[in-house]
Structure formats: structure tokens, C-alpha cells
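>>> build the 3D model from these lines:
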Amino acid sequence: MTQPLPRVAFLGIGLMGAPMIRNLLDAGFPMTLWNRTARKCEPFSEEATIAGTPSEAVADADVVILMLENGTVVHQVLVEREVISSLQAGATVIDMSSIPPALARDHGQRVEARGCHYLDAPVSGGTAGAQTARLSVMVGGDADIMTAQAPIFAALGKPTHIGPIGSGQLAKLANQAIVGITIGAVSEALLLAARGGAKPEAVREALMGGFAGSKILEVHGQRMLDRDFAPGAPARIQLKDMAMILDEARAEKLTLPLAQQVHNEYLALIANGHTEVDHSGLLLELEHINGVQLDSRHLVTGG
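Reported below is the predicted structural model:
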């Protein structure tokens, strides 16, 4: 006889959370939803239970998934709003938010003290990956617990077990370091090529076939050429992640000069009013520094 699917409580319905919920519902999971802004639950009101508080949402849940903006909000929901104390025995908490590794370890200890299980499982792939269920999921925690939740991960993307609790967040920091630094490199490369008179779209096409080829060059390079900076991953979130990278580096007595420089560039981007642009919009800060702009023909104007 087929085992019934576990009831899932999903906390946090934003750019990433909404398509993830859609995929879980389509996979047949019974769900209870909660979000700080209640109206974001409305599109799912005929298919899922909507809870008034996060503690109500998790009371009968077998699995609790969090997809919240930062570590402060996650801690408020899990601890201050009594989600952990409201868990039923044996429940599994899967935190898919991006938070500091040390905070994930603290939350893991608190959840396990309640007689429950905890996985830190941040994701990469952006809104496109969330919509197509092709997220890369970096999982920290007990491998057997991850295996037990295989149907949930299968509905969202591809999980990889990284190590003990907190390791998933370390992998996400590594991911974001590469993403942020590479966005900066692609921005500089395209602007340099265009300023010298080369066609940047042709430069991008040529580079895609060599060692410089990357997902960032493919996707965000095209965004830059199209000047399409509608947020898939907002710049403010990239800044938050760059700050966490530097905090972790300091804790481990490391110096990361490239991460520091990119952090400063995102800080300036946001200070100049571009809080909600996509993180590929780092090009805008480079343009601001140089007093130039890639126009609709991909040539550099101004300066």
C-alpha cells in the first residue's frame, strides 16, 4: 500500500517560495501556508490551508519548510514566534533560506532538543530554477534524514548532501561568492569590450565557447545586454550574502579580497537607489563609476 505524503507547512511566500509551493502542490503534498504578508497566500487558498500564525501552521505538519529573507527573520519565526515549541514530535524542519552557518547550527540544536529533525538546505537556481523544479539544493544535516525527505526534494530540484548541520549554508556562501564575483567580472568584460568598439553581444557569444564560459555569462550577460534588471535575485539579497561571506571569513581568520571588493560594489549600487534590481544590475554601478552606459545597440555612450 502506498504511504500517504507528509503534510508540509511552508513558511515564506516570496519570489522563490511561491513557485516552490506550486511544485509541491502539483506533486500532491497536502500543505499549510503562512506568510507575514497574508495576501501572498491568496493564490493558493483553494488548494492549501492558510494559517494565521507560523505556530498554527506547523502544529500538525510532518515537514516544515522555511524560505525566508534572512537569518534575523528565520530566528524570529522559529524561536520568537514559537515555531520550534509548536512542532509535533518527529517533525522535520528544512530551512531553505540563506542564513549564517552558525545560526543554522544553533537552530539545529534547538530543533533536535525538541525531539525533531533539522536540515539546512539553501538553494541555487533563482526564480527560473524554482519555477522549473531544477533548484540545486545544498543539504546540511543527517544524510538519512535527507533521504527520508527525498520526495520533497524531488519536487523542487536536485539535493546534494554536503555534511553536518551548517554545511549547506557554507556551500551556499561558496555559491554566492562565485556568483557575485563572476557578475562583477562579466560586467567589466562587456563594458571594456564595448568601450573599445567591439560588439559585446558577439564577445559574449565567442566567450561562451571557451574557458570564460559560465552560467553567469550566459544568463546574466544577456540580461546586461538587454538591460533587463527585473529581480530574479534582488541586489539587496546578494549584498546580504556577500556580507555573510565576509563575516564567515573573519570568523575563520581568512581574508577574501575579491569578495570584499564585490561587497563594496553592491553596497554602492544599493546606496545609489538600486535596491530591488536583479543582482546582474551590478553593471549599473560600473556604469555609474565610469559615467557611461551600454545603450540599446550595446555600444558604450557617454564618458
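>>> output the longest helix belonging to this protein.
Ranked by residue count under DSSP state H, the longest helix found in the chain is helix 167-195.
>>> now do it: distance to the chain's middle.
15 Å (C-alpha atoms, centre = their mean, to the nearest Å).
>>> can you name the element that comes right after that helix?
For helix 167-195, the following helix or strand on the C-terminal side (DSSP states H and E) is helix 200-207.
>>> chain center to stretch 44-56: distance?
With C-alpha atoms, centre = their mean as the basis, stretch 44-56 stands 23 Å off its chain's centre.
>>> just use 747 as the starting number from now, easier for me
Noted, 747 is the first residue going forward, which turns the last one into stretch 790-802.
>>> what residues does it touch?
Residues outside stretch 790-802 that contact it (C-beta atoms under 8 Å, 6 or more residues apart in numbering): 755, 757, 759, 767-768, 771, 776-780, 784, 787, 803, 823, 827-829, 831-832. Yep, even glycine has a C-beta here, placed from its N, CA and C like the rest.
>>> please, a PyMOL command that selects the buried ones among those residues?
Only the buried entries of these go into this PyMOL selection, using 16 or more other C-beta atoms under 10 Å:
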select buried, resi 755+757+759+767+768+771+776+777+778+779+780+787+803+823+827+829+832
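>>> show me what the least confident helix or strand in the chain by mean pLDDT is packed up against.
Every helix and strand of the chain was ranked by mean pLDDT, DSSP states H and E. The lowest is strand 1046-1048, at a mean of 74. The helices and strands touching strand 1046-1048, judged by 3 or more C-beta pairs under 8 Å, 6 or more residues apart in numbering; DSSP states H and E, are helix 913-941, strand 1038-1040.
>>> how much space between residue 910 and residue 889?
Look at residue 910 and residue 889: by C-beta to C-beta, to the nearest Å, they are 10 Å apart.
>>> one more: residue 1000?
Distance, residue 1000 to residue 889, by C-beta to C-beta: 28 Å.
>>> one more: residue 895?
For residue 895 relative to residue 889 (C-beta to C-beta), the value is 11 Å.
>>> so the two - more neighbours on which side?
residue 895 (22 against 13; other C-beta atoms under 10 Å).
>>> right, and that one touches residue 837 too?
No. Here residue 895 does not reach residue 837: they are 11.3 Å apart, not a contact under C-beta atoms under 8 Å.
>>> okay, and the common contacts of the two?
Counting by C-beta under 8 Å, 6+ apart, the contacts common to residue 895 and residue 837 are residue 809.
>>> which helix or strand contains residue 1005?
When elements are assigned from DSSP H and E, residue 1005 belongs to helix 1003-1017.
>>> verify the stated contact: residue 914 with residue 853.
No. Counting by C-beta under 8 Å, residue 914 stays clear of residue 853, with 12.0 Å between them.
>>> shared neighbours of the two, anything?
With C-beta under 8 Å, 6+ apart, residue 914 and residue 853 have common neighbours residue 866.
>>> of the two, which one has the most company?
residue 914 (32 against 24).
>>> can you pull the pLDDT of the more buried one?
pLDDT for residue 914: 98.
>>> next up, the contacts around residue 892.
Applying C-beta under 8 Å, 6+ apart to residue 892 gives the contacts 865, 885, 899, 905, 907.
>>> in three-state terms, label the second one for me.
Classification of residue 885 into helix, strand or coil gives strand, according to DSSP: H, G, I helix; E, B strand; the rest coil.
>>> cool, the first one as well?
Per three-state DSSP, the secondary structure class of residue 865 is strand.
>>> what's the spacing between it and residue 896?
Distance, residue 865 to residue 896, by C-beta to C-beta: 12 Å.
>>> neighbour count: those two, which is higher?
Of the pair residue 865 and residue 896, residue 865 is the one with more neighbours under other C-beta under 10 Å, namely 29 against 10.
>>> need the helices and strands packed on strand 1046-1048 in JSON lines with distance to residue 795, can you?
Shown next, in JSON lines, are the helices and strands packed on strand 1046-1048 (distance: least, C-beta to C-beta, whole Å):
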{"stretch": "helix 913-941", "distance to residue 795": "28"}
{"stretch": "strand 1038-1040", "distance to residue 795": "48"}
